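In: I would like the atomic coordinates for the input below:
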Amino acid sequence: MLHANSQLLVDTLVGLPLLNGRYSGLELVNVVGNDKRGFFSLVFKAHDELEDRAVALKFFDIDPQKQNRYRILCFEREHQILVLLRGASRCLQVMSDFMVFNLEINLPGQSNPIVIPAPYFATAWLDDDIDDYFNQQEAVDAISKLKLFNDVVLAVESLHSRSIFHRDVKVDNLRQQRSNGRREVVAIDLGTAARCDSPPMLPAYGQPVGLLSYSAPETFCGLAGNRSIAPSTDMYALGCMLFELFHPDDFPSALRFANADFDLRVSALQSRIGAGTHDGERMEAWDIEAPRLLNGLTAIRLSSESSSAPSAIIDIVSDLILEMTRANFRSREKSFARVRKRIWCAIRILENVALARRRSQIAAARRQARNEKARTRALRNASRLPSIAPEVA
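Out: Residues are numbered from 1 along each chain as shown. Okay, the predicted model is just below:
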């Protein structure tokens with residue numbers, strides 16, 4: 001349920017015939033019942049009358065409990081990052097300047113209305129999510145899932161190639177679109193994204209900045225703001241997603257089921273590393289403590305009994321998940337190109353298996369047709385033989 005302030009903003013915006021002389025038909029889209037996607041924002045679908053196209057309007061949520069300086073700065077930074085991504089392929093496109101809607105409220109005893117500023121900006125509207133690949137994985141063939149994952153990797157890789165790290169990669173934050181006749185996946189909601197050359201907004205980060213369940217161990221140890229290891233954090237989240245494409249359980253649950261002491265290990269790391277006064281100290285402590293405390297974890301692997309992964313590629317995909325989700329970021333996979341190469345290797349194997357199966361089916365059908373033809377010919381020839389009367393002695 002939205003806070004009363006947030007609901008008042010929603011009701012006001014939805015009731016406007018035209019916002020900023022440009023946007024009409026506003027409809028709140030990231031809140032359905034009690035389910036809200038995007039903790040610090042309110043997202044509306046609207047029609048841009050100037051461009052004659054659908055857009056997404058992202059407002060900072062004016063819930064008083066969310067009005068902290070760090071989150072407001074992140075919202076402003078998100079727009080700045082999107083401006084840098086203008087024209088970049090596989091990247092969300094910003095469609096407006098950074099703007100502020102002043103919500104005016106008349107209160108009893110006040111001669112003038114009070115004003116609550118609500119910052120917002122417009123982006124391209126992307127309607128097609130990728131949820132069904134994960135929520136209905138049994139209904140989607142393995143090749144389609146692998147090709148989707150390849151496109152997801154390309155979307156994150158596109159950001160990294162521009163020295164921007166998403167830091168909250170998850171299914172909710174990905175959309176797909178058609179561009180030049182091909183499917184592209186685009187990462188949305190860059191509220192936690194950061195540039196490699198931007199200074200951290202907080203002196204210390206006690207917790208991850210993105211979804212907790214996809215957050216790598218280092219982000220719980222005061223290193224969530226470290227720009228040098230942010231690429232590894234995105235890689236970890238991608239590995240979690242790859243696991244969940246083929247397994248009904250979420251990766252964090254599977255990890256903790258196989259390693260009941262995982263959270264104890266991370267807590268021990270937190271106490272030893274989080275006490276550092278700056279990233280240099282924390283990184284030194286990590287290199288001392290992480291190899292010892294994270295050693296001996298049971299690897300999470302797919303199996304034919306519990307996953308939808310075909311047996312022909314289980315080892316390839318399992319090995320890749322392991323390399324992308326290693327608890328120690330020092331040994332985690334770092335190359336998106338290598339990840340995509342392994343994914344395409346799995347795709348080729350499945351295509352070859354399918355081709356061999358089709359060829360076998362065709363050959364079997366031809367054999368059956370030849371045998372049937374031979375039986376028909378034999379029966380026809382037999383019916384044409386003259387009957388021979390037995391000799392009488």
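
In: From here on, just use CA atoms for contacts and neighbour counts.
Out: Will do.

In: The lowest-mean-pLDDT helix or strand in the chain pairs with which strands, parallel or anti?
Out: Least confident element among the helices and strands of the chain, by mean pLDDT, DSSP states H and E: strand 35-36 (a mean of 77). Strands adjacent to strand 35-36 in the sheet, as given by DSSP bridges, are strand 31-32 (antiparallel).

In: Low-confidence bits of the stretch 201-350 of the chain, can you list those?
Out: 203 (pLDDT under 70).

In: Quick one: the helices in it, in order.
Out: For the stretch 201-350 of the chain, the helices defined by DSSP state H, counting those that start in this stretch occupy 230-246, 251-258, 262-273, 279-293, 314-324, 336-384.

In: Need the winner for burial among these.
Out: Of the helices of the stretch 201-350 of the chain, the one with the most neighbours on average (mean count of other C-alpha atoms under 10 Å) is helix 230-246, at a mean of 25.

In: now residue 216: how far from residue 343?
Out: Distance, residue 216 to residue 343, by C-alpha to C-alpha, to the nearest Å: 22 Å.

In: what does residue 115 give?
Out: From residue 115 over to residue 343 (counting by C-alpha to C-alpha), the distance is 53 Å.

In: got it, and residue 88?
Out: For residue 88, the distance to residue 343 equals 24 Å [C-alpha to C-alpha].

In: Just to check, residue 45 is in contact with residue 56?
Out: Yes - between residue 45 and residue 56 there is a contact at 4.8 Å, judged by C-alpha atoms under 8 Å.

In: Common neighbours of the two, please.
Out: Residues touching both residue 45 and residue 56 (C-alpha atoms under 8 Å, 6 or more residues apart in numbering) are residue 125.

In: Quick check: buried residues in stretch 169-189?
Out: Neighbour counts over stretch 169-189 (16 or more other C-alpha atoms under 10 Å) mark 169-171, 173-177, 184-189 as buried.

In: so which of the residues you listed comes closest to residue 237?
Out: residue 169 (5.9 Å; C-alpha to C-alpha).

In: Please name the nearest non-neighbouring residue to the closest one.
Out: Excluding the flanking residues, the one nearest residue 169 by C-alpha to C-alpha, 6 or more residues apart in numbering is residue 237, at 5.9 Å.

In: shouldn't that neighbour be in contact with residue 216?
Out: Yes - counting by C-alpha under 8 Å, residue 216 is a contact partner of residue 237 at 7.5 Å.

In: Give the residues shared as contacts by the two.
Out: Both residue 237 and residue 216 are in contact with residue 325, where contact means C-alpha under 8 Å, 6+ apart.

In: from the chain's centre, how far out does the least confident helix or strand of the chain sit?
Out: Chain-centre distance of strand 35-36: 18 Å, with C-alpha atoms, centre = their mean, to the nearest Å.
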